[in-house]
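Peer 1: When you get a sec, could you give me coordinates for this:
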Amino acid sequence: MPPPRLWLLVTALLAAAHRTALAHGGDSGLLDPGPQDSPPWTALPCHKISVSNIDFAFTLYRQLARDSPRENILFSPASISTALASISLRASAASRVQLLEALGFNLTMVTEAEVQDGFRDLLLRLPVQGSGLLLSTGQRRFGILDPGATLDLKEAWKNMDEHIDKQTQGKFGTWGKDVKNETTEVLVNHVLLRAGWAQPFDPRGTSLRGFSEDEHRAVQVPMMKQQARVRVLRDPELQCGVLQMDHARNTTSFFVFPDPGTMGQLEEALQPETLIKWDSLLRTRDLAFYFPKFSISSSSRLELLLPLVAVGGSFPGQPALHVSKVTHQARMTVDEDGTEAAAATVVQLTPRPHLDSDLPAPPGPAELSRPFLVMTFHTETGSMLFLGKVVNPQGSAAPDQPGDSEPTK
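Peer 2: Numbers count the residues shown, from 1 in each chain. Now for the predicted structure:
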């Protein structure tokens with residue numbers, strides 16, 4: 001039987017998949033891994049949005065991966081989705097539908113009221129502070145040019161930077177330089193995660209070993225050694241291995257290692273149903289393995305991936321505003337003790353659409369020593385907190401041509 005924490009995630013996915021199949025007049029049997037001895041489970045409002053949120057996460061991931069196939073990728077689907085869902089509340093009916101559909105929702109199967117209720121429930125349930133786990137989330141709106149505002153522009157930017165710095169515990173630099181003078185409002189959403197491993201690694205077993213970025217190039221990185229009971233699988237269809245490692249309490253991570261040359265095939269195949277299939281295949285076993293320590297970061301511009309819609313002003317007589325810029329930054333460090341990650345989404349609203357649409361150029365034991373995907377979940381809510389790809393655990397992108405590093409053997 002799967003661990004109870006993961007069962008919550010899978011049951012939420014199965015319940016939503018079953019509703020989808022019924023809405024189409026079909027049979028959900030292909031998605032159902034079969035009856036299992038499950039603990040009692042209560043549906044939550046946030047479970048109604050979990051499948052769509054994961055579907056949005058995989059869709060966004062594919063867009064980023066196609067633009068930067070040889071770079072590390074990291075973002076927080078939970079941060080981006082909740083920020084844009086909040087913006088949709090102020091949009092007209094037509095614009096609201098466009099935004100929610102861009103977030104992956106089929107409004108013939110779930111109502112707008114259920115979507116918004118799901119996000120409210122999610123924001124209430126995600127924050128956790130306890131032994132081995134800190135999960136902090138939140139939103140704050142900054143009105144830059146509100147009537148009666150007493151702060152000048154630089155002071156407003158400073159306040160926003162100080163807020164992000166405090167909420168993410170100094171994980172990011174200043175954002176003020178990224179905000180344009182025409183900006184009228186800024187919505188900031190943050191996620192901060194500190195999650196210890198259920199089975200920590202012994203630092204004395206960590207040593208430098210080779211990590212193959214691709215078939216031409218390898219780098220030396222610290223590899224942690226572990227011998228523990230973990231959940232693993234081999235997916236012959238997608239030609240990958242999956243390792244699941246639990247964190248403290250209601251958090252867990254999947255690490256997905258595609259066979260050499262098959263990363264693109266795996267990325268194109270990612271669907272919520274893939275997680276259901278993997279859960280049915282995962283088996284607990286004693287495993288000795290080396291796993292790379294890594295520290296990666298990523299910054300993304302997302303506004304061009306969204307529909308061009310207007311949202312209402314906050315004050316009488318204020319013109320409708322447009323989502324002109326959506327900037328997302330994320331960082332993740334994985335070491336012997338656990339995972340530490342942070343993300344911030346900054347949504348800028350201006351009287352004119354898309355101020356700046358010129359995106360910058362895309363920058364013995366088993367050895368898990370090749371590029372892999374990481375997915376970190378809050379299992380109670382079925383929410384994907386972080387999704388990324390580690391090409392280089394040291395945090396830099398692989399060059400276009402082989403360099404001076406050790407050749408892959």
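
Peer 1: partner residues bridging residue 234?
Peer 2: On the basis of DSSP bridges, residue 234 is bridged to residue 241.

Peer 1: who's in contact with it?
Peer 2: Neighbouring residues of residue 234 by Cβ atoms under 8 Å, 6 or more residues apart in numbering: 240, 241, 281. To be clear about C-beta, it is placed using only N, CA and C from the backbone, and glycine gets the same treatment.

Peer 1: give me the number of residues near the closest residue to the first one other than its chain neighbours?
Peer 2: On the basis of Cβ to Cβ, 6 or more residues apart in numbering, the spatially nearest residue to residue 240 that is not a chain neighbour turns out to be residue 258, at 4.3 Å. Look at residue 258: counted by other Cβ atoms under 10 Å, it has 20 neighbours.

Peer 1: Same check on the one 5 residues further on?
Peer 2: Summarising burial for residue 263: neighbours were counted as other Cβ under 10 Å, giving 23.

Peer 1: Does it touch residue 371 like I think?
Peer 2: Yes. Between residue 263 and residue 371 a contact is recorded at 6.2 Å, counting by Cβ atoms under 8 Å.

Peer 1: Common neighbours of these two, please.
Peer 2: Common contacts of residue 263 and residue 371, defined by Cβ under 8 Å, 6+ apart, comprise residue 389.

Peer 1: Which pLDDT value goes with the residue nearest to residue 335 when sequence neighbours are not counted?
Peer 2: Once flanking residues are discounted, residue 335 sits nearest to residue 293: 5.1 Å by Cβ to Cβ, 6+ apart. Confidence at residue 293, expressed as pLDDT, is 95.

Peer 1: which parts of stretch 232-246 are buried?
Peer 2: For stretch 232-246, burial by neighbour count (16 or more other Cβ atoms under 10 Å) applies to 232, 233, 235, 238, 239, 240, 241, 242, 243, 244, 245, 246.

Peer 1: gap between residue 126 and residue 190?
Peer 2: Separation of residue 126 from residue 190 (Cβ to Cβ, to the nearest Å): 11 Å.

Peer 1: Quick check: neighbours shared by these two?
Peer 2: With Cβ under 8 Å, 6+ apart as the test, residue 126 and residue 190 both reach residue 137.

Peer 1: got the contact list for residue 116?
Peer 2: Taking Cβ under 8 Å, 6+ apart, we find residue 116 in contact with 85, 89.

Peer 1: Start and end of stretch 122-136, how far apart?
Peer 2: From its first residue to its last, stretch 122-136 covers 12 Å (Cα to Cα, to the nearest Å).

Peer 1: How about stretch 260-277?
Peer 2: Using Cα to Cα, the end-to-end distance of stretch 260-277 comes to 22 Å.

Peer 1: which of the residues in that stretch are buried?
Peer 2: Buried residues in stretch 260-277, counted by 16+ other Cβ under 10 Å: 263, 266, 267, 269, 270, 272, 273, 274, 275, 276, 277.

Peer 1: For the residue nearest to residue 240, list the residues it contacts.
Peer 2: If you count contacts by Cβ under 8 Å, 6+ apart, then residue 258 has 238, 239, 240, 265, 266, 371, 372, 373 around it.

Peer 1: in the stretch 51-200 of the chain, which ranges drop under the pLDDT threshold?
Peer 2: Residues of the stretch 51-200 of the chain meeting the criterion pLDDT under 70: 144-153, 176-181.

Peer 1: What ranges does it have for its helices?
Peer 2: 77-88, 93-102, 112-125, 153-167 (DSSP state H, counting those that start in this stretch).

Peer 1: from those, which stretch is densest packed?
Peer 2: Mean neighbours per residue, mean count of other Cβ atoms under 10 Å, is largest over the helices of the stretch 51-200 of the chain for helix 77-88, with a mean of 24.

Peer 1: Please put the alpha-carbon coordinates of that helix into CSV.
Peer 2: Written as CSV, here are the backbone C-alpha positions of helix 77-88 (Å, rounded to 0.1, in the frame of the first residue of the first chain):
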residue,chain,number,x,y,z
PRO,A,77,3.4,26.2,-10.1
ALA,A,78,1.6,26.9,-6.8
SER,A,79,3.0,30.5,-6.7
ILE,A,80,2.2,31.3,-10.4
SER,A,81,-1.3,29.7,-10.4
THR,A,82,-2.4,31.4,-7.2
ALA,A,83,-1.1,34.8,-8.3
LEU,A,84,-2.9,34.7,-11.6
ALA,A,85,-6.1,33.3,-10.1
SER,A,86,-6.1,36.3,-7.7
ILE,A,87,-5.7,38.7,-10.7
SER,A,88,-8.6,37.0,-12.5
